[in-house]
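**Student:** just a sequence and a predicted model for now, questions to come.
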Amino acid sequence: MCMKKIVQKFFGLADRIPESALTLLSFGTGIVTVLGWGLKAVAFFLDTKNTQETVANIVTFVNSPTFLVALVCIGVFCFVIVVIKGVGYYRTSRARLFLFSSSFYSATQKLQETTYKIKLRYDQYELSDKQLFAMINSYCDFIINSLCMQLKHITGQEICGCIKLVDGFSDTQTPRAITTETVSDFVRSKNTNDNRINIKVPKKVLIRDNIDFLELMDYNNVRNQFYQPNLIKYAEELANDDKQYRNTTLNWKEYYKSTVVIPIQVSNELLEHQEDEAYNVIGFMCFDSDKEGTFSMELKEPITNLIKAYAALLYGLLDIYGVYLKRVLNKDYIATRVAKQYNMDKTTSE
């Protein structure tokens, strides 16, 4: 038991050592160890050649117990550092596994709870449009903050996010036109800079004025992600091709330099009324960092797949939102709900 406490204290102290210091020590001791054993090999070779007295002294020192003990100590120290780093990596990977699994479980559980609460309140004539909005908004708020936390663990940088919805996405009867469609903020992550929120921009933003969204709404191009590790470099590349990077936030360089945008969409093959377009896009999940290279190309696949998994959940819930929004705004439903609320007959409330 005493030995266990000693080991725990040892690793507790080791955890406080900066990663950069451990890396430097590991590299330094590794070099010294290799050089030390190399010297012993050279000394053995020179000793067999009966060289001059100076070299013989070197051979004597290298073959001395003192040098051997120092070499062994350095080797043990190097081994301990490697073990510490290995334990650190294990703990980090384990923590991430628990974070990602628990986050996704919570997301699916809350989705189930939200959908059944909507159905239950609707069936009991207790659901209003404001209550419906609050329930959907609460779930989206949970999702965006959960994803920002997960992406922070992956990238090591602070990540801000938001969900933007295409205005009127639930109106399936009106033909859609990219040139006139707009998007609006639905939720933003809690760590979003207040100055960024207070920027005076139109409540509704034209999709055609933001390349991040426009490229994902181009139905002739089945891209399902906008992934840019360096937005400033991307804007320069567009300028070299006589094109312009368009963003509705005029001072966007101040707040984000690396971004990922994933559409909230479903293939039109799965919808009853198929259109010529490949996907029905109803919104976007946007994540960004004020550091260049935060979303590196090496992490593109795992990051986009993670966000797409949550986007798929959101599409299903937002589809339910559109369906029930029409139902709760029906005048007969409103009359029945108000009558029940005030213990009145439906005819009286009408």
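**Tutor:** Structure received.
**Student:** show me what the helix or strand encompassing D141 is packed against.
**Tutor:** Using DSSP states H and E, D141 sits in helix 129-155. Here helix 129-155 touches helix 65-123, strand 160-166, strand 182-188, strand 279-289, helix 300-328, going by 3 or more C-beta pairs under 8 Å, 6 or more residues apart in numbering; DSSP states H and E. No exception for glycine: its C-beta is placed from N, CA and C like everyone else's.
**Student:** let's see stretch 301-312 as PDB, backbone CA atoms only.
**Tutor:** Once non-C-alpha atoms are left out, stretch 301-312 reads as follows in PDB (Å, rounded to 0.1, in the frame of the first residue of the first chain):
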ATOM      1  CA  GLU A 301     -11.500  13.300 -41.800                       C
ATOM      2  CA  PRO A 302     -12.000  12.600 -38.100                       C
ATOM      3  CA  ILE A 303     -13.100  16.200 -37.400                       C
ATOM      4  CA  THR A 304     -15.600  16.400 -40.300                       C
ATOM      5  CA  ASN A 305     -17.000  12.900 -39.600                       C
ATOM      6  CA  LEU A 306     -17.500  13.900 -35.900                       C
ATOM      7  CA  ILE A 307     -19.500  17.000 -36.800                       C
ATOM      8  CA  LYS A 308     -21.400  15.200 -39.600                       C
ATOM      9  CA  ALA A 309     -22.700  12.700 -37.000                       C
ATOM     10  CA  TYR A 310     -24.200  15.500 -34.900                       C
ATOM     11  CA  ALA A 311     -25.500  17.200 -38.100                       C
ATOM     12  CA  ALA A 312     -27.400  14.100 -38.900                       C
END
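**Student:** got the buried residues for that stretch?
**Tutor:** 303-304, 306-308, 310-311 (16 or more other C-beta atoms under 10 Å).
**Student:** where does the prediction get shaky in the chain?
**Tutor:** 1-63, 67, 71, 78-96, 170-179, 195-202, 218-223, 272-278, 344-350 (pLDDT under 70).
**Student:** ok, the nearest residue to K164 once chain neighbours are set aside - contacts?
**Tutor:** Among residues not flanking K164 along the chain, V183 sits closest, at 4.4 Å (C-beta to C-beta, 6 or more residues apart in numbering). By C-beta atoms under 8 Å, 6 or more residues apart in numbering, the residues touching V183 are 164-167, 204-205, 207, 210, 213, 283-284.
**Student:** can you rerun that using 7 Å?
**Tutor:** 164-167, 205, 207, 213, 284 (C-beta atoms under 7 Å, 6 or more residues apart in numbering).
**Student:** just those residues now: which is nearest Q341?
**Tutor:** Distance to Q341, by C-beta to C-beta, is smallest for L165 among the contacts of V183, at 29.0 Å.
**Student:** hmm, back to that, just the buried ones out of the contacts of V183, please.
**Tutor:** By neighbour count, with 16+ other C-beta under 10 Å, the contacts of V183 hold 164-167, 205, 207, 213, 284 as buried.
**Student:** re earlier: need the contacts of V183 in a markdown table (columns: distance to Q225).
**Tutor:** Formatted as a markdown table, those follow (distance: C-beta to C-beta, whole Å):
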| residue | distance to Q225 |
| --- | --- |
| K164 | 15 |
| L165 | 18 |
| V166 | 17 |
| D167 | 22 |
| V205 | 20 |
| I207 | 16 |
| F213 | 12 |
| F284 | 11 |
